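**Q** Following is a predicted model, sequence given first.
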Amino acid sequence: MEQGREEEEEELEEDDGGPERALEKSPFQLTAEDVYDISSVVGRDLLQLQLSAGPPLPAALARLQFRIVRVLEMLEALVSESSLAEEQLRLERDSLRRELEELRAAGARGGTGQLSLGPDKMVIDLADPNRPRFTLQELRDVLQERNQLKAQLLVVQEELQCYKSGIISQRRDQTEELEKEATGSSSGTSRDSEEKTIIKRLFSFKHGKGASSRT
Amino acid sequence: MHLVPPVSRDRIISQFPKWYTPEACLQFKEHFHAQVRTACQWSTGTLGLKISKVVVVGDLYVGKTSLINRFCKDNFDRDYKATIGVDFEIERFEIIGVPYNLQIWDTAGQEKFKCIASAYYRGAEVIITVFDLADIRTLDHTKQWLEDALKENEPDSSFVFLVGTKKDLVSDAVCERTELDAIRFANEMQAEYWSVSAKTGENVKQFFSRVAALAFEQSVIKELENSAGHMAQIGTGNLIKLEKNVMEIPEGNTQISLGCC
């Protein structure tokens, strides 16, 4: 911001005042325009010197005039080169400043997020449909439930195999006794449903069991 | 007790199955223990259905699931599918006339599932540590796997097996060379060694028969000792319950009784 104000002042100086002002400037702030102003001032002084000396033009004055022009040309070259270098540096500075601002802004955004994070923390992208979102306990519960269901499935498969191969009907009495024992007090209805199939009774029992295991 | 179909013929064991290599074998017996044979003869039908718990551990992608699937389902899936947490199979045997079940727990090899799978190590009568014959690094890791599994069990309460898988992928020369290392490992781990291939099925049935026979005999001996001394094992929590049809699943301290439904 301060730099900006300085630049404005420079411009004001350039606009204000006559060509003599250029001679009062700090040599480090001279521009090519200033050098031209100085040239015109020096040229005017030389012209006056010529007029007061009258013709013919003294050789010493002519030589001095030539040298002064040469010195002014050298000064012009130096000033324009340094102003080019300065302009380049200014552009570079501005781009670096912008870059820094952006980094600071990003740092501030990231910084607020990181402040709440400890060393072993992780950031989760909420927009990622495949992001981690279930807890270990939930996975344990699901596995547990799956294992129970698989165990029940194995039992049912075996029973079904018995049913298909006719082993169950041969040993019906035993089965019924066991079914009663298994269903117990939870369902009294299966006791008097002699005509229900084994499978049906199996399922009614499964309902009872499922309900009790959930409580 | 639910009704079960007869045990398939290839799950009937009447002769004690033989070891794989005498260099890494802990039981050189040819027959079942006389005491066990006698007990099984007169207690048929009165003995409760026996179940032994087997846990299978090892690095990911060594073929634990494939090994179990070859034995229990007699299939082989070329595609790799990581096991989520833990899975199980129940395999029914009839050993010297007595029905016997192996409850085979297949655990995930991926590190991230270790905290879940390790909860299932408890009460294992058999620990099977698996490595890939074609990847020697997986053999190095078996000791750690075994150590983790043993931590959850009473000292000297489990049979330990070391199994090299994917035998079909290595030449006989490579297999022999790797087996030398594996046998050394097995001796240090006090494990019995087996080389198998789930893809071709080589040695898979023989291996599990051996596991079943050893675990069965051990479980009968234990029961005989307990009933002789009237020692109550209730409440120790480290032994799988041998009462009929009760399967203990260690997660969350819940017990589900399976057989009766």
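**A** Now that the structure is in, tell me what you want to look at.
**Q** What is the host helix or strand of A:A22 packed up against?
**A** If you go by DSSP states H and E, A:A22 is part of helix A:21-24. If contacts are counted by 3 or more Cβ pairs under 8 Å, 6 or more residues apart in numbering or on different chains; DSSP states H and E, helix A:21-24 sits against helix A:32-53. All C-beta spots, glycine's among them, are computed from the backbone N, C-alpha and C.
**Q** Which other helices and strands does the helix it packs on contact?
**A** helix A:21-24, helix A:59-115.
**Q** Now do the same for the last one: mean pLDDT, whole number.
**A** Helix A:59-115 carries an average pLDDT of 86.
**Q** and that helix, what does it pack onto?
**A** Partner elements for helix A:59-115 (3+ Cβ pairs under 8 Å, 6+ apart): helix A:32-53.
**Q** Ramachandran coordinates for the residue of the stretch 51-200 of chain B found nearest chain A?
**A** Going by Cβ to the nearest Cβ, chain A is nearest to B:G85 of the stretch 51-200 of chain B, at 4.7 Å. Note on B:G85: its backbone torsions stand at phi 70, psi -80 [degrees, to the nearest 10].
**Q** So for it, what's the pLDDT?
**A** pLDDT at B:G85 comes out at 94.
**Q** Let me know which of the helices and strands packed on helix A:32-53 is tucked in deepest.
**A** Of the helices and strands packed on helix A:32-53, the one with the most neighbours on average (mean count of other Cβ atoms under 10 Å in any protein chain shown) is helix A:21-24, at a mean of 14.
**Q** can I get the CA coordinates of that helix in CSV?
**A** Taking C-alpha atoms only, helix A:21-24 is exported to CSV below (Å, rounded to 0.1, in the frame of the first residue of the first chain):
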residue,chain,number,x,y,z
ARG,A,21,12.3,20.3,-11.6
ALA,A,22,14.1,17.3,-13.1
LEU,A,23,17.4,18.6,-11.8
GLU,A,24,16.1,18.6,-8.3
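**Q** Quickly list what the residue nearest the centre of chain B is bridged to.
**A** Nearest to the mean C-alpha position of chain B, by Cα atoms, centre = their mean, lies B:V54 at 3.7 Å. According to DSSP bridges, the partner residues bridging B:V54 are B:I104, B:V126.
**Q** quick one: contacts for it?
**A** By Cβ atoms under 8 Å, 6 or more residues apart in numbering or on different chains, the contact list for B:V54 reads B:L102, B:Q103, B:I104, B:W105, B:A124, B:E125, B:V126, B:I127, B:I128, B:V211, B:A215.
**Q** who touches the first one in this structure?
**A** Contacts for B:L102 were tallied using Cβ under 8 Å, 6+ apart; they are B:I51, B:S52, B:V54, B:I90, B:E91, B:F93, B:F208, B:V211, B:A212, B:A215.
**Q** Please report the distance of B:E188 from B:I13.
**A** Noted for B:E188: a distance of 29 Å to B:I13, by Cβ to Cβ, to the nearest Å.
**Q** So A:D128 belongs to a strand, correct?
**A** No. Looking at A:D128 with DSSP: H, G, I helix; E, B strand; the rest coil, it is coil, so not inside a strand.
**Q** Got the confidence number for it?
**A** Note on A:D128: pLDDT of 90.
**Q** and it, how many neighbours does it have?
**A** Using other Cβ atoms under 10 Å in any protein chain shown, A:D128 has 9 neighbouring residues.
**Q** Which residue ranges of chain B form helices?
**A** B:34-43, B:64-73, B:114-117, B:136-140, B:142-151, B:172-189, B:204-229 (DSSP state H).
**Q** Output the ones you listed as JSON lines; include the columns mean neighbour count and distance to chain A.
**A** Formatted as JSON lines, these follow (neighbours: other Cβ atoms under 10 Å in any protein chain shown; distance: least, Cβ to the nearest Cβ, whole Å):
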{"stretch": "helix B:34-43", "mean neighbour count": "14", "distance to chain A": "20"}
{"stretch": "helix B:64-73", "mean neighbour count": "22", "distance to chain A": "11"}
{"stretch": "helix B:114-117", "mean neighbour count": "18", "distance to chain A": "6"}
{"stretch": "helix B:136-140", "mean neighbour count": "17", "distance to chain A": "25"}
{"stretch": "helix B:142-151", "mean neighbour count": "18", "distance to chain A": "18"}
{"stretch": "helix B:172-189", "mean neighbour count": "16", "distance to chain A": "28"}
{"stretch": "helix B:204-229", "mean neighbour count": "19", "distance to chain A": "17"}
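**Q** Most widely separated two among the contacts of B:L102?
**A** Using Cβ to Cβ, the contacts of B:L102 reach their maximum pairwise distance at B:I51 and B:F208, which is 15.0 Å.
**Q** how close does B:A124 sit to A:T31?
**A** 90 Å.
**Q** So those two - more neighbours on which side?
**A** Shown here are B:A124 and A:T31; by other Cβ under 10 Å, B:A124 has more neighbours (27 against 19).
**Q** Can you tell me the closest non-neighbouring residue to that one?
**A** Closest residue in space to B:A124, ignoring its immediate chain neighbours: B:V55 at 4.4 Å, by Cβ to Cβ, 6 or more residues apart in numbering or on different chains.
**Q** can I assume the one you found is in contact with B:A119?
**A** No. Using Cβ atoms under 8 Å, B:V55 is not in contact with B:A119, being 10.9 Å away.
**Q** These two - which one has more neighbours?
**A** B:V55 (29 against 19).
**Q** ok, B:Q35 - contacts?
**A** Taking Cβ under 8 Å, 6+ apart as the test, what B:Q35 contacts is B:I221, B:L224.
**Q** confidence score at it?
**A** pLDDT for B:Q35: 86.
**Q** With A:E7 instead?
**A** 50.
**Q** ok, now A:E177?
**A** Confidence score, pLDDT, at A:E177: 56.
**Q** rewinding a little: in space, what's closest to the residue of the stretch 51-200 of chain B closest to chain A - neighbours in sequence excluded?
**A** B:I116 (4.2 Å).
**Q** The one you found touches A:Q144, doesn't it?
**A** No. Counting by Cβ under 8 Å, B:I116 does not reach A:Q144; the two are 10.0 Å apart.
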